[in-house]
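Visitor: Below: sequence and its predicted model.
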Amino acid sequence: MISTILVSCAQEVELKLPERDVLPFPEAILSETISSEREVLFEDPGKIIVVYGSACGESDKPGEEEVIKLEESMDIPDYANNATIFLNGWYLKYLNKDHAVGRVATMIDNIQIEDSTLKWNAAGVLKDKNFDDGYEWCYYYTIIAWNGLQIDAVVDHDDLFAENWFWSPIHEGKTALLSLPSYIQNPAFAAKKTVAVLPRGFHYGWEEGFSQKDHHLLQIAYNLDHSEKFVEHGKDYGFAPAPPLPTSASLVGSGFVSWETYAIFKDNRLRRDYRIEELVSALGGNDVGTVQPPFTILPREDLGLFEGCISSTGGVRTEDIIIENIPFKYAVPMLTGWELWHGCDDEHVTEIGIWLSDIEYDKNPDEPVGTLRYKVSSVLRDKDSKPRGNSRHKVSILGLNSTGLKSDLMPFSAQGGNIFCTKDSEGRLIIFVANVGGADAPFSTTTVEFFPGGSFELPTPAIPTGSSRDLLPLDIPKECFDPNCDFRITVDAKSEVIEVSELNNSVDSICQPVTKE
C-alpha cells in the first residue's frame with residue numbers, strides 16, 4: 001500500500017517540506033468530549049448495520065491552545081466481522097470574537113476492531129498564527145459494520161506513516177488550485193469488482209518560507225474526485241513511489257485503486273504558499289458500488305466585480321436533498337466534495353464547517369431502486385454574521401448489495417498439504433471434497449482423470465458450509481502407474497453449484513505404486 005501527504009507551494013520560491021504535524025498528532029493529549037450523538041440509520045440483522053454519529057470537543061486554555069483529540073468506540077453486533085468509519089462533515093468555531101486562520105483540520109485515524117468493538121481517534125484544529133485562541137470542534141461520521149459472509153466487501157483503513165496518507169510534491173504554480181493524483185495498492189482488492197475511496201480527513205495550512213502564517217479567508221474547497229481500479233505507468237504520484245508495475249504499461253485492477261484530489265485555500269491574493277493533507281480509506285468488494293457525480297472547484301477571483309458581491313445574512317444554512325433511482329440494496333452518502341467562500345471579500349472567521357445529517361435510505365425490497373434523503377448544513381461567517389458565506393457540496397453514494405452466501409467447493413487433502421492420494425484397505429482411491437464457502441453446497445459432480453486411464457465421474461452429495469465429504473472409493477487403473485500414477489481432481493465439474501470462486505476447483509496429484517516386500 002502506498003500513501004502520501006498532500007503538500008503544495010503557491011509561490012515561485014523553493015520551499016522546504018514542512019515537518020509532518022498532523023494526525024496522529026503525537027503532541028495532542030486526549031480531550032474531553034463535550035457532546036456526542038449517535039443513531040442507527042438502518043440495520044438488516046445478520047448482515048449490516050449503518051450508524052450516524054457526531055462528537056464535539058473544546059480547547060479553551062487562554063494563551064496556549066491544544067489540538068482537540070477524542071478517543072471513541074462503538075460496540076458492533078456479533079454477526080459483524082468487518083467495520084469501518086468515514087468522515088461526513090466538520091465544524092469549527094472560535095470561542096471569542098473572530099480571528100485570522102492559520103490551520104484548519106479534521107481527521108479520523110487509528111481505526112481498529114478489538115473483539116466486537118470498533119475503536120478510533122479523531123482530531124480537529126482551528127488556529128491562527130499564535131494558536132492562542134479557544135475554539136470548539138465537531139466532526140460527523142458514518143459507521144458501517146457488516147457480515148463478510150453476507151456482503152462481499154473488504155476495507156483498508158490503515159494509517160501508519162506511508163499508509164493511506166497522501167501528499168504531492170511542491171510545485172511552482174500560478175493558481176491556488178492544487179491537484180493531487182494518488183493511489184493505493186492492496187492485494188485484497190485484486191479480485192473485487194469495485195473499490196470505493198472513503199474520505200477520512202484533511203488538514204489545510206499556510207506555509208510561507210519556513211514559517212506558519214495566518215490570513216483572512218476567502219475560499220476553502222476540497223474535491224476527492226472520481227476513483228477507478230487503474231494505475232498509470234510513468235505518472236507522477238508526488239512523493240509516493242512509482243507504482244510497482246510488472247511492465248512499462250499502465251494497469252487495470254491487480255489490487256490498485258487511483259483517484260485525484262483537488263484543493264483550494266486562499267485569501268484575496270491570487271495564491272499563497274499552503275499545504276493540504278488528506279486521509280482516506282478504501283472499500284472494495286463484489287457487493288460494493290458507487291455513484292460519483294461530477295464536481296469542479298475553481299479559485300474565486302474579483303468577487304465584487306463578477307459576482308456582484310452576492311451574499312446573505314445569518315448563520316447556519318441547511319438544505320434538504322433527495323436522490324432517487326439508486327440501484328443498491330443499501331446506500332449511504334459520502335461528503336467527498338465541498339466549497340465554502342465569502343461572497344464579497346476575504347474575512348476573519350468565527351464559524352466554519354459543512355456536514356451531513358438526517359440521512360434516510362428508503363427501498364422497497366420488491367423494487368430494484370431506492371431513494372436517498374439527507375440534509376446538508378454549512379456555515380462560514382465572521383463575528384458580525386454579515387456577510388454569511390456561500391457553499392456547494394458533492395455527495396458520492398456508497399452502495400452495498402447482499403448477493404447472498406455462496407458455496408465454495410475444493411478438493412480436500414485428508415493427509416494435509418498437497419497429498420491427495422488417500423487409499424482404503426483395498427488400494428482404492430478416496431476423494432475428499434470440502435465446502436469452504438458461506439452457504440451449503442447442493443448435489444454436484446466430481447471428476448477424477450487418470451493419465452493414462454481415463455476420466456471417471458463421482459456423485460457428490462450436498463455438503464454443509466464448513467464441512468467435507470469423502471466420496472465412493474475409486475479403483476485406480478493399472479495402466480496409470482508408469483511408474484507413478486498422475487491424476488487430476490475437479491470438483492463441481494458440471495458447474496452445478498454457484499461458487500465464490502472456481503479457481504480452486506482442480507488439483508493435480510500423484511499416487512505411487514504399492515511396493516511388496
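Guide: That came through fine. Numbers count the residues shown, from 1 in each chain.
Visitor: got any ranges where the chain has weak pLDDT?
Guide: Applying pLDDT under 70 to the chain flags the ranges 1-27, 62-64, 160-173, 208-212, 239, 302-314, 385-388, 404-405, 515-517.
Visitor: ranges for the helices of it?
Guide: Remark: helices assigned in the chain by DSSP state H are 303-306.
Visitor: Could you break it into its assigned domains?
Guide: Following automatic domain parsing, the chain resolves into domains at 7-305+337-343, 409-511.
Visitor: Can you give the distance of the longest one from its chain's centre?
Guide: Computed by C-alpha atoms, centre = their mean, to the nearest Å, the chain-centroid distance of domain 7-305+337-343 equals 11 Å.
Visitor: Using PDB, list the CA coordinates for stretch 190-198.
Guide: Written as PDB, here are the backbone C-alpha positions of stretch 190-198 (Å, rounded to 0.1, in the frame of the first residue of the first chain):
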ATOM      1  CA  ALA A 190      -7.400  -7.600  -6.900                       C
ATOM      2  CA  ALA A 191     -10.400  -9.900  -7.400                       C
ATOM      3  CA  LYS A 192     -13.000  -7.200  -6.400                       C
ATOM      4  CA  LYS A 193     -15.400  -5.700  -8.900                       C
ATOM      5  CA  THR A 194     -15.400  -2.200  -7.400                       C
ATOM      6  CA  VAL A 195     -13.100  -0.200  -5.000                       C
ATOM      7  CA  ALA A 196     -14.500   2.900  -3.400                       C
ATOM      8  CA  VAL A 197     -12.400   5.600  -1.800                       C
ATOM      9  CA  LEU A 198     -13.800   6.900   1.500                       C
END
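Visitor: got the contact list for that stretch?
Guide: With contacts defined as C-beta atoms under 8 Å, 6 or more residues apart in numbering, stretch 190-198 is touched by 84, 86, 152, 154, 157, 184, 189, 224, 227, 229, 253-255, 257, 259, 280-286, 288-290, 334, 396, 398, 501. Backbone N, C-alpha and C define where each C-beta goes, glycine included.
Visitor: at 6 Å instead, please
Guide: Stretch 190-198 is contacted by residues 86, 189, 227, 229, 254-255, 257, 259, 280-286, 288-290, 398 when judged by C-beta atoms under 6 Å, 6 or more residues apart in numbering.
Visitor: list the buried ones in it?
Guide: Residues of stretch 190-198 classed as buried by neighbour count (16 or more other C-beta atoms under 10 Å): Ala191, Lys192, Thr194, Val195, Ala196, Val197, Leu198.
Visitor: quick check, nearest of those residues to Cys480?
Guide: Ala191 (35.1 Å; C-beta to C-beta).
Visitor: Just put the domains of the chain in CSV and tack on distance to Leu380.
Guide: Below are the domains of the chain laid out as CSV (distance: least, C-beta to C-beta, whole Å):
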stretch, distance to Leu380
domain 7-305+337-343, 5
domain 409-511, 48
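Visitor: Mean neighbour count, those: which tops it?
Guide: domain 7-305+337-343 (a mean of 19; mean count of other C-beta atoms under 10 Å).
Visitor: follow-up on the earlier one: can you flag which of the buried residues of stretch 190-198 belong to strands?
Guide: Among the buried residues of stretch 190-198, the members falling in strands are Thr194, Val195, Ala196, Val197, Leu198 (criterion: DSSP state E).
Visitor: now, which of these sits nearest Ile49?
Guide: Of those, the one sitting nearest to Ile49 (C-beta to C-beta) turns out to be Leu198, at 16.9 Å.
Visitor: ok, so what distance separates that closest one from Tyr141?
Guide: Counting by C-beta to C-beta, to the nearest Å, the separation of Leu198 from Tyr141 is 11 Å.
Visitor: Please apply the same query to Asp384.
Guide: Asp384 is 32 Å from Tyr141, where distance means C-beta to C-beta.
Visitor: next one: Asn147
Guide: When Asn147 is compared with Tyr141 (using C-beta to C-beta), they lie 21 Å apart.
Visitor: mind listing the strands for the stretch 51-200 of the chain?
Guide: With strands called from DSSP state E, counting those that start in this stretch, the stretch 51-200 of the chain shows them at 68-75, 82-94, 103-114, 117-127, 135-146, 154-156, 165-166, 177-185, 194-206.
Visitor: Sitting in strands, which of the contacts of stretch 190-198 do you find?
Guide: Filtering these for strands - DSSP E - leaves 86, 227, 257, 259, 280-285, 288-290, 398.
Visitor: Among these, which one sits closest to Asp492?
Guide: Gly285 (23.1 Å).
Visitor: Skip the chain neighbours and tell me the closest residue to the closest one.
Guide: Closest residue in space to Gly285, ignoring its immediate chain neighbours: Ala153 at 3.4 Å, by C-beta to C-beta, 6 or more residues apart in numbering.
Visitor: who touches that neighbour in this structure?
Guide: Ala153 neighbours (C-beta under 6 Å, 6+ apart): Leu283, Gly285, Asp287, Val288.
Visitor: Hmm, Phe189 is touching Gly255, no?
Guide: Yes. With contact defined as C-beta atoms under 6 Å, Phe189 counts as touching Gly255 (4.7 Å).
Visitor: which residues does Glu319 form a beta bridge with?
Guide: Glu319 forms beta bridges with Val376, as assigned by DSSP bridges.
Visitor: Next one: it from Leu372, what distance?
Guide: Where Leu372 is concerned, Glu319 sits at a distance of 14 Å (C-beta to C-beta).
Visitor: Nearest to Ile419, out of the strands of the stretch 51-200 of the chain?
Guide: With respect to Ile419, and counting by C-beta to C-beta, the nearest of those is strand 154-156 at 31.4 Å.
Visitor: Which strands border that closest one, and is each parallel or antiparallel?
Guide: Strand pairing for strand 154-156, determined by DSSP bridges: strand 274-285 (antiparallel).
Visitor: Alpha carbons only: can I get the partner strand in PDB?
Guide: Extracted in PDB, the C-alpha atoms of strand 274-285 (Å, rounded to 0.1, in the frame of the first residue of the first chain):
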ATOM      1  CA  TYR A 274      -0.100  26.400   1.500                       C
ATOM      2  CA  ARG A 275      -0.300  22.700   2.000                       C
ATOM      3  CA  ILE A 276      -3.200  20.200   2.400                       C
ATOM      4  CA  GLU A 277      -3.000  16.700   3.800                       C
ATOM      5  CA  GLU A 278      -5.800  14.200   3.300                       C
ATOM      6  CA  LEU A 279      -6.500  10.800   4.900                       C
ATOM      7  CA  VAL A 280      -8.700   8.200   3.100                       C
ATOM      8  CA  SER A 281      -9.800   4.600   3.300                       C
ATOM      9  CA  ALA A 282     -10.600   2.200   0.500                       C
ATOM     10  CA  LEU A 283     -13.500  -0.300   0.500                       C
ATOM     11  CA  GLY A 284     -13.500  -3.000  -2.200                       C
ATOM     12  CA  GLY A 285     -15.900  -5.800  -3.000                       C
END
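Visitor: okay, the angle between that strand and strand 82-94?
Guide: Orientation check (axes from the mean of the first three to the mean of the last three C-alpha atoms, to 10 degrees): strand 274-285 against strand 82-94 gives 160 degrees.
Visitor: Pro473 contacts Gly427, correct?
Guide: No. The criterion here is C-beta under 6 Å, and Pro473 misses it with Gly427 at 9.2 Å.
Visitor: closest one to Glu301 among the strands of the stretch 51-200 of the chain?
Guide: Nearest to Glu301, of these and by C-beta to C-beta, is strand 177-185 at 11.3 Å.
Visitor: Tell me the strands beside the closest one, with direction?
Guide: Within its sheet, strand 177-185 is paired with strand 256-266 (antiparallel), according to DSSP bridges.
Visitor: Not counting the strand it pairs with itself, show me its contacts.
Guide: Contacts for strand 256-266 (C-beta under 6 Å, 6+ apart): 176-181, 183-185, 195, 197, 204, 218-225, 227, 229-231, 274, 276, 278, 282, 297, 299.
Visitor: Many thanks, have a good one.
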